[in-house]
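Enquirer: sharing a model that was predicted from the sequence below.
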Protein chains: 2
Amino acid sequence: MPTLRIALAQVNSTVGDLTGNAATVRAFAARAHEAGAHLVAFPEMMLTGYPIEDLTFRESFVQASKAALAKLAEELAADGLGELAVVVGYLDADGPARLGADSTVRRGPRDSLALLHRGSVAATYDKHHLPNYGVFDEDRYFVPGDTLTVVRAVWADGTAADIALSVCEDIWQPGGPFTAAGAAHAALVVNINASPYERNKDDVRLPLVARRAVEAGAAVAYVNLIGGQDELTFDGDSIIVGPAGELVTRSGQFTEELLVHDLDLPAADPAWTPPGAAAGLSLRLQTLATSWTEPAGDRAVGGVAERLPDEAEVWSALVLGLRDYVEKNRFKSVVVAVSGGIDSAVVAAIAVDALGPKRVVGVSMPSSYSSEHSKSDAADLAERTGLDYRVQPIAPMVDAFLGSLTLTGLAEENLQARVRGVVLMALSNQEGHLVLTTGNKSELAVGYSTLYGDSVGGFNPLKDVPKTLVWQLARWRNTVELGGIAAPIPENSISKPPSAELRPGQLDSDSLPDYELLDAILAGYVDGDLGRDQLIAAGHDVALVDRVIRMTDGAEYKRRQSAPGTKISFKAFGRDRRLPITNRWREGS
Amino acid sequence: MPTLRIALAQVNSTVGDLTGNAATVRAFAARAHEAGAHLVAFPEMMLTGYPIEDLTFRESFVQASKAALAKLAEELAADGLGELAVVVGYLDADGPARLGADSTVRRGPRDSLALLHRGSVAATYDKHHLPNYGVFDEDRYFVPGDTLTVVRAVWADGTAADIALSVCEDIWQPGGPFTAAGAAHAALVVNINASPYERNKDDVRLPLVARRAVEAGAAVAYVNLIGGQDELTFDGDSIIVGPAGELVTRSGQFTEELLVHDLDLPAADPAWTPPGAAAGLSLRLQTLATSWTEPAGDRAVGGVAERLPDEAEVWSALVLGLRDYVEKNRFKSVVVAVSGGIDSAVVAAIAVDALGPKRVVGVSMPSSYSSEHSKSDAADLAERTGLDYRVQPIAPMVDAFLGSLTLTGLAEENLQARVRGVVLMALSNQEGHLVLTTGNKSELAVGYSTLYGDSVGGFNPLKDVPKTLVWQLARWRNTVELGGIAAPIPENSISKPPSAELRPGQLDSDSLPDYELLDAILAGYVDGDLGRDQLIAAGHDVALVDRVIRMTDGAEYKRRQSAPGTKISFKAFGRDRRLPITNRWREGS
């Protein structure tokens, strides 16, 4: 029974950064080598980043990915890491992109995995199951692989173990690669992932990996990406389970880690040849001759990292999502309008946790309708966090518009929000900050915001956070100290009734249902695709359901023009919830 | 040889308007009946509109579509149209939406066709080929059909003809339904479509329909939708070809029409039973007993409508796209900033052609940098078109900002555009107009616009129109009289060098390459997915290619927040060109 010292490199890649991503592979491969690992696995599409979307269709990018892979193999060998088996995801293709092409031809780009060894590509595998739901559009971009690759790794002493290779969604679907790996009697299935975070996904992931391990009768090593990519955040949570589905080791969430563990694998019978096909896949057995020896010294034990509490998990996703958006797009700083309200206070706190207070500008922009507590709560936030605080009254600009145009009611209310948007963009242009938007998911859902007003900005950390969760996160954040900052959010911002303060005495409750009721209906209607009758059957008030549906449907045109923001739920506004703007369907009609 | 009098109803449907769309079917079915037709075919997804996107996942909508179909069949019979065979597209499902579901289960929503006769559903067919490229995401929404339905229509005298049914993409792919129809010896294949317009698509469509007819050895009746749906426009161009691929009749472009034609079909041999399967599809033969008799009187001849010249075709798409966006979303009027420049003049002319001058407000918003000709050209445009013209100087508002903030360079330039955006939105809120955006595709590509400034608006007719085509369209429009308006566009707006007029003496050519050169590179890089080396090999200047690529890649974040606008090309910005914002890939790196 050979012992494989396996390393799972839970790292952060960047879309399009072939050079930087290859450098990350080299650095972590060196660490794995120092730890005595035989094999190190990196996430799906490690070399290109994930998701690459329409870069897939650019032939020059496909060629660059293939060239970067070959170069990486050579560099690893030159680094003295040739004996280490390095499993890495990349973009391959065996024909032109099939955009509009004849669907009977199964050639084109592939979501591929390569095993690099001794300076070259020793084995490859093409992802078989291509997800095409939620945030995934892979059936649009890739052709599926039809062959399971099993690598027979042969140690220096002649013992061997069979290792099957697979990619991401392959583990989410019954049948296919894992069943085939079982038929091939593989000892271990390596599964490389770019699996985006959503709330409580870690609770689903472990049972799933365990189930597939049992189906395959093999250990499973699941490695996932971390980091932010536009609206997606990847949470890591890499896992190894044994062939009975038992948890062996598990890495942390939202952190770069190298998880190293010794796995005793059943030795491959040299006489055993897998069948030519199983579970609809061809089987390919490839021998990998190595000079591997049994690990010396102490056994490597990866350990099981503790899971984050729910609020900490969401907070980590929001902080990492914002930090990576800022850093990967090379912004030096952000600016946020601080109104004294809960949304802007939470956004400012997320920004401070992501970037440090010196890189966060908070601007208070009082109007004639702003209350005293708005100004004092904003100042209190600044003091608690240490952000760069400015005050910019908007009355002169608002008055200039009102002097030239006759505006009343909503037009006058929105004017104030739009003047604030102009101020933020002026500061952005003048000083180079990224403008952060602060509208939460509940507001976005029902359109309770001013288009080109408070919706102005390049990134919105709260885009997928319902209002009730905003409060919950604020309360949680005030219970922990992060980066030396305890209780960043003024208590008054949490406890006072929410208001846009665009007219005297205005409260959110003038226009919106109670947020507890609203969020419960939105969870069903937006995240769950429930219809009117189902929502009523679930116990919601009929009139309220009709009102929320009407507001949500009517706000589609606004959402189309909203900034990207970190996704944390099953169905966020943006690319994984797609509705026509022109839509006459009314639930119940 | 029975004669089938067939009618193709090239009509305009609206997404979600089950009641209104059913009413359109009843009205056109009545016209077809009056014209003596035996069978009338309506477009793909006629009852629901197309594309319905995530409405597919709402169980309530699926049920509503099925109920609307059953009700329509009854209503047609009640209208005295029971003997007329009515072919209509709708949404069906034989299981829950497969969002994230097990991909091995082939149950879920279907893009379906029903043949209604004598008050009920006599036959159905589920679309087999599901396009998943460009603007299409059908593999995300639907499961494919696996059975070809052939209807054996039996006339009162016992003669019969075999008619195969198919949907849209089925005709774009070789093999599949058309090959199966050939194996079934069908006399006619009815193909119902929602095929979006793109430039010169009519030149591709006829040869394609002809090719499939020859492959099937059958006449083909191709009916397409017309109308605007958010970014898509459907151009009609319905066609009947004979079994040798010869053009029989063809309807006009962008117009609602009922095309009626007598087709002599080879009689079906009552003894002939098609094979159980062909070309990977099961075959289902269904007999339709009718009381049809040979058409009396003159032969119905549909004729061949003349094709529109290229500029007229694009102009029609832009006018129809805007009109339907405005009407279907129930806006009463639009407002557009008229600067005296070519883009706003063309948008205003499109709006006037779409809605009439009384529903178009044009606002001139001169700043201290605006030239005299800007003001006079805008006034000239107003006079030529008769639109509702206003002048709103922005100096007081700009000065108010400059008095409170220290702004220089780009920040000061953009301020003017943003103040104009606030004025437009204030007029929109106060008076109810939809704001039209005027940035052309070339500007959008390279990011030559002010975010939340001239990019403000709910719909952009020029979103997919390159600058050189804007000029071409302007020159063409001035040669024709439409709606009583000849030469709407001031000659000076066409001939003067383009300028944003945000600083003294500014010209587009200070910041951008010559538009002829720019548009040629963009056609390759954006529409063609060509890489740097391919663009250089095509003869473009190296430095210019690098500059254009850098600008285009860098403007992705701006485009994410741009208004929808009519698509006229193979690859428009928006849902059919999808790139990450965070993207470090640089061509040539």
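Expert: Sure thing, it's come through. Residues are numbered from 1 along each chain as shown, chains lettered A, B, ... in the order given.

Enquirer: what residue in the stretch 251-400 of chain A comes nearest to chain B?
Expert: Across the stretch 251-400 of chain A, no residue is closer to chain B than A:Ala400, which sits at 3.6 Å (Cβ to the nearest Cβ). To be clear about C-beta, it is placed using only N, CA and C from the backbone, and glycine gets the same treatment.

Enquirer: where does that residue fall, secondary structure wise?
Expert: For A:Ala400, the element it lies in under DSSP states H and E is helix A:395-404.

Enquirer: A:Thr179 now?
Expert: helix A:177-183.

Enquirer: can you list contacts of that helix?
Expert: For helix A:177-183, the external contacting residues (Cβ atoms under 8 Å, 6 or more residues apart in numbering or on different chains) are A:128-129, A:148, A:150, A:164, A:166, A:170-171, A:189, A:212, A:215-218, A:274-275, A:278-281, A:283.

Enquirer: residues contacting the residue nearest to A:Lys358 when sequence neighbours are not counted?
Expert: Nearest non-adjacent residue to A:Lys358, counting by Cβ to Cβ, 6 or more residues apart in numbering or on different chains: A:Asp388, 7.0 Å away. By Cβ under 8 Å, 6+ apart, A:Asp388 lies in contact with A:357-358, A:360-362.

Enquirer: would TSV of the residues you listed with secondary structure, pLDDT and neighbour count be doable?
Expert: What follows is the contacts of A:Asp388, written out as TSV (DSSP: H, G, I helix; E, B strand; the rest coil; pLDDT from 0 to 100; neighbours: other Cβ atoms under 10 Å in any protein chain shown):
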residue	secondary structure	pLDDT	neighbour count
A:Pro357	helix	98	21
A:Lys358	helix	98	11
A:Val360	strand	98	28
A:Val361	strand	98	24
A:Gly362	strand	98	28
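
Enquirer: picking up where we left off before, now the contacts of helix A:177-183: which count as buried?
Expert: A:128-129, A:148, A:150, A:164, A:166, A:170-171, A:189, A:212, A:215-218, A:274, A:278-279, A:281, A:283 (16 or more other Cβ atoms under 10 Å in any protein chain shown).

Enquirer: from those residues, list the ones also adjacent to chain B.
Expert: A:His129 (Cβ under 8 Å from any Cβ of the partner chain).

Enquirer: among the buried ones among the contacts of helix A:177-183, name the ones in helices.
Expert: Among those, DSSP state H puts A:212, A:215-216 in helices.

Enquirer: hey, what's the residue nearest the centre of chain A bridged with?
Expert: Centroid-nearest residue in chain A, with Cα atoms, centre = their mean: A:Thr233, separated by 1.8 Å. Beta-bridge pairing of A:Thr233 under DSSP bridges involves A:Gly228.

Enquirer: pick out the residue of the stretch 51-200 of chain A closest to chain B.
Expert: A:Ser60 (2.7 Å).

Enquirer: would you verify that that residue is located in a helix?
Expert: Yes. Counting by DSSP: H, G, I helix; E, B strand; the rest coil, A:Ser60 is located in a helix.

Enquirer: kindly tell me how buried it is, as a neighbour count.
Expert: Counted by other Cβ atoms under 10 Å in any protein chain shown, the residues lying close to A:Ser60 total 18.

Enquirer: now it: how far from A:Glu44?
Expert: 22 Å (Cβ to Cβ, to the nearest Å).

Enquirer: same question, A:Leu18
Expert: Taking Cβ to Cβ, one finds A:Leu18 at 15 Å from A:Glu44.

Enquirer: do the same with A:Tyr133
Expert: 17 Å.

Enquirer: of the two, who's got more company?
Expert: It is A:Glu44, of A:Tyr133 and A:Glu44, that has more neighbours when counted by other Cβ under 10 Å, with 27 against 18.

Enquirer: the residue in the stretch 401-550 of chain A that chain B sits nearest to: neighbouring residues, count only.
Expert: Nearest residue of the stretch 401-550 of chain A to chain B, counting by Cβ to the nearest Cβ: A:Gly531, 2.6 Å away. Neighbourhood size, A:Gly531 [other Cβ under 10 Å]: 22.

Enquirer: residue contacts, A:Leu402?
Expert: A:412, A:415.

Enquirer: scratch that, A:Leu130 is what I was asking about
Expert: Listed by Cβ under 8 Å, 6+ apart, the contact set of A:Leu130 reads A:111, A:136, A:138-139, A:142, A:144, A:169.

Enquirer: got the phi and psi for it?
Expert: phi -110, psi 110 (degrees, to the nearest 10).

Enquirer: name the nearest residue to it, sequence neighbours excluded.
Expert: Closest to A:Leu130 by Cβ to Cβ, 6+ apart is A:Glu138, at 3.9 Å.

Enquirer: from A:Asn191, how far out is that neighbour?
Expert: 16 Å.

Enquirer: do the same with A:Arg31
Expert: Counting by Cβ to Cβ, the gap from A:Arg31 to A:Asn191 is 21 Å.

Enquirer: residues of the stretch 151-300 of chain A that sit close to chain B?
Expert: Residues of the stretch 151-300 of chain A lying near chain B (Cβ under 8 Å from any Cβ): A:173-175, A:228-230.

Enquirer: the stretch 401-550 of chain A now?
Expert: A:401, A:403-408, A:410-411, A:414-415, A:418-419, A:421-423, A:425-427, A:429-430, A:451-452, A:456, A:458, A:529-534.

Enquirer: please report how far the residue of chain A most remote from its centre lies from B:Gln392.
Expert: The C-alpha centroid of chain A is most remote from A:Gly403, which lies 47.0 Å away (Cα atoms, centre = their mean). Separation of A:Gly403 from B:Gln392 (Cβ to Cβ) stands at 12 Å.
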